[in-house]
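**Q** requesting a structural model of the entry that follows:
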Amino acid sequence: MNGICTLGNDYVFDQLIALLNSIDVMLGKEIPVCIYPFDDRTQRIADEIAKRPNVFLYDNQESINRWDKFMLEASPASMNKNKYRIYGGHRRFCAFDGPFDRFVYLDADTLVMNSLDLVFQTLDEYNCVVYDFQFKHPDKVYNTNSVKLLQVFDKKRIKKEVFCSGFYASKKGLFEQDKLETLLSYLRAGEKEILYPTGDQPVINYMFMRSNIPVYNFAHNLPNHQITGNAVTSEHFEEKDKILYDKGNRLTYLHYIGIPPNINQAVCAGENIEFPYRDLFLHYRYLHEPDKRPVFQNPPKNYNDAPVVPNLLTRALRKLKLINQG
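**A** Next comes the predicted model:
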């Protein structure tokens, strides 16, 4: 069975609802969607998805514990025991345990802009399918100053296979416990130093590349005139009927990378904070409840200049008991 996976908690509620609504429009309301819990703050999500029969929270605690344990040892950040604690981002890896045979994972701060049929079809040939340009910045995945890096992976592989963990397609069963133990043995032997020292993105890149699982990236394989961007930092996308196009080509997804969740929260609470493609986000966030879409009263300010937690948002989140928990 094919399905869509994402990751979240109540802190990213607004982004998650926008994603789910874009899935409704682009992929249909029947496609199953599994949300992996970033932590145990999921009550708002649970209440919302009770209205969405195709959406469910992942509750396999054995699987969650397995990946928590793996990440505790695998993350390069664990080398600094005084400052280190794991975050829940790695729980997206639970998708390798199920519930779907084949899945597309999307971060909560993305919007689906097109059919994903071609992505699923490409899984007929490959076990990892991506569409991004992270390979242009390998220093955010690997420690490019490490002499050991090129002893483990040659330059060609790094240039071709590095990918962003915000969007990828893969399959159940690729990382059973014996394979994880093998990967951990390499990391214990000194390879942990080749990873960029934070987050889940370096770890999942290492998992695929060190297991010699080929990574297929549409950005490398589509004809140049068909390739699109996907990041909100690209300001040249054109909108038509609430869908974005890059030089006439429809985007597969839009990633609001670099827009912190508290900015989305503030906007949804009525703060007039501008960020790229904000109207598109608001359209999908309030797709099923347009009467709740905020009407802004104050002059706009840029998200880069906005306070970390606006006053109005602070009050709203205190009521929801979400403040200081993100």
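
**Q** so what's Gln226 closest to, chain neighbours aside?
**A** Asn249 (5.7 Å; Cβ to Cβ, 6 or more residues apart in numbering). For every residue, glycine as well, the C-beta is placed using N, CA and C.

**Q** so the one you found sits against Asn224, correct?
**A** No - taking contacts as Cβ atoms under 8 Å, Asn249 lies outside contact range of Asn224: 10.7 Å.

**Q** more neighbours: these two, which one.
**A** Of the pair Asn249 and Asn224, Asn249 is the one with more neighbours under other Cβ atoms under 10 Å, namely 15 against 5.

**Q** so in this protein, which strand runs the longest?
**A** strand 2-8 (DSSP state E).

**Q** alpha carbons of it, as PDB, please.
**A** The C-alpha trace of strand 2-8 is given here as PDB (Å, rounded to 0.1, in the frame of the first residue of the first chain):
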ATOM      1  CA  ASN A   2       1.200   3.500  -0.800                       C
ATOM      2  CA  GLY A   3       0.800   6.400   1.600                       C
ATOM      3  CA  ILE A   4       2.000   9.800   2.700                       C
ATOM      4  CA  CYS A   5       4.000  10.400   5.800                       C
ATOM      5  CA  THR A   6       4.800  13.500   7.800                       C
ATOM      6  CA  LEU A   7       6.000  14.500  11.200                       C
ATOM      7  CA  GLY A   8       4.600  16.900  13.800                       C
END
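
**Q** tell me how many other residues crowd Gly88.
**A** For Gly88, using other Cβ under 10 Å, the count is 20.

**Q** please name the nearest non-neighbouring residue to it.
**A** Phe38 (3.5 Å).

**Q** which residues touch the most centrally placed residue in the chain?
**A** Centroid-nearest residue in the chain: Asp107, 2.2 Å away (criterion: Cα atoms, centre = their mean). The contact partners of Asp107, by Cβ atoms under 8 Å, 6 or more residues apart in numbering, come to Thr6, Leu7, Ser165, Gly166, Phe167, His255.

**Q** output those in JSON lines, with neighbour count and distance to Asp68 appended to each entry.
**A** Formatted as JSON lines, those follow (neighbours: other Cβ atoms under 10 Å; distance: Cβ to Cβ, whole Å):
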{"residue": "Thr6", "neighbour count": "24", "distance to Asp68": "18"}
{"residue": "Leu7", "neighbour count": "27", "distance to Asp68": "14"}
{"residue": "Ser165", "neighbour count": "23", "distance to Asp68": "17"}
{"residue": "Gly166", "neighbour count": "23", "distance to Asp68": "21"}
{"residue": "Phe167", "neighbour count": "22", "distance to Asp68": "23"}
{"residue": "His255", "neighbour count": "22", "distance to Asp68": "26"}
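
**Q** can you tell me which two in the residues you listed are farthest apart?
**A** Leu7 and His255 (13.6 Å; Cβ to Cβ).

**Q** can you give me the strands in the chain?
**A** Assigned by DSSP E, the chain shows strands spanning 2-8, 33-37, 55-57, 102-106, 110-112, 129-130, 167-171, 216-217, 238-240, 243-246, 249-250, 253-255, 273-274, 301-302.

**Q** quick one: average confidence on the third one?
**A** When pLDDT is averaged along strand 55-57, the result is 98.

**Q** for the remainder of this discussion, apply numbering that starts at 49.
**A** Yes, from this point I'll number from 49; that puts the last item at strand 103-105.

**Q** which one is Lys188 nearest to, not counting chain neighbours?
**A** Nearest one to Lys188, counting by Cβ to Cβ, 6+ apart, is Tyr244 at 5.8 Å.

**Q** is Trp285 in contact with Gly296, as I believe?
**A** Careful, residue 285 is Phe; it's not Trp. No - with contact defined as Cβ under 8 Å, Phe285 does not reach Gly296; the gap is 11.0 Å.

**Q** more neighbours: these two, which one.
**A** Applying other Cβ under 10 Å to Phe285 and Gly296 shows that Phe285 carries more neighbours, namely 21 against 9.

**Q** give me the pLDDT for the more buried one.
**A** Value listed for Phe285 in the pLDDT field: 98.

**Q** tell me how far it lies from Asp294.
**A** In this view, Phe285 and Asp294 are 6 Å apart by Cβ to Cβ, to the nearest Å.

**Q** count of neighbours near Tyr334?
**A** Other residues close to Tyr334 by other Cβ under 10 Å number 18.

**Q** oh, I was asking about Asn312
**A** Neighbour number of Asn312 under other Cβ under 10 Å is 28.

**Q** now do the contacts for it.
**A** Here Asn312 is in contact with Val60, Asp62, Gln63, Asp157, Tyr304, Phe329, Arg333 (Cβ under 8 Å, 6+ apart).
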